[in-house]
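Trainee: Below is the sequence, then the predicted model.
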Amino acid sequence: MGEVVNLRQARKQKARIAKERLAGENRALHGRSKAQRERDRLNSDSAEKFMDGHRREKPGDPNKR
């Protein structure tokens, strides 16, 4: 005879495995460390500040024609 299986536990285990697999896929797609996010934010902020400092006319300047 075969092994007795509790169907409730088997169903829950299958759901846990599927959920973990989905979480792993999401980590691969969207996962970046806090340091990486901070580095990218600082780079974009400094680039934006550089470009704003080199504009001939400031946005919203009342003396603008």
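Mentor: It's in.

Trainee: what is the mean pLDDT for the longest helix seen in the chain?
Mentor: Identified as the longest helix of the chain according to DSSP state H is helix 7-30. Per-residue pLDDT values over helix 7-30 give a mean of 95.

Trainee: same thing with stretch 33-42?
Mentor: The average of the pLDDT scores along stretch 33-42 is 91.

Trainee: Alpha carbons only: can I get that stretch in CSV?
Mentor: C-alpha atoms of stretch 33-42 as CSV (Å, rounded to 0.1, in the frame of the first residue of the first chain):
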residue,chain,number,x,y,z
SER,A,33,19.6,47.0,-2.3
LYS,A,34,19.0,50.2,-0.4
ALA,A,35,22.6,51.3,-1.2
GLN,A,36,21.9,50.8,-4.9
ARG,A,37,18.7,52.8,-4.8
GLU,A,38,20.4,55.6,-2.8
ARG,A,39,23.3,55.7,-5.2
ASP,A,40,21.0,56.0,-8.2
ARG,A,41,19.0,58.7,-6.5
LEU,A,42,22.1,60.8,-5.6
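
Trainee: Can you give me the neighbour number for L7?
Mentor: Neighbourhood size, L7 [other CB atoms under 10 Å]: 7. C-betas here are computed from N, CA, C, even on glycine.

Trainee: separation between it and Q13?
Mentor: Going from L7 to Q13 by CB to CB, to the nearest Å gives 11 Å.
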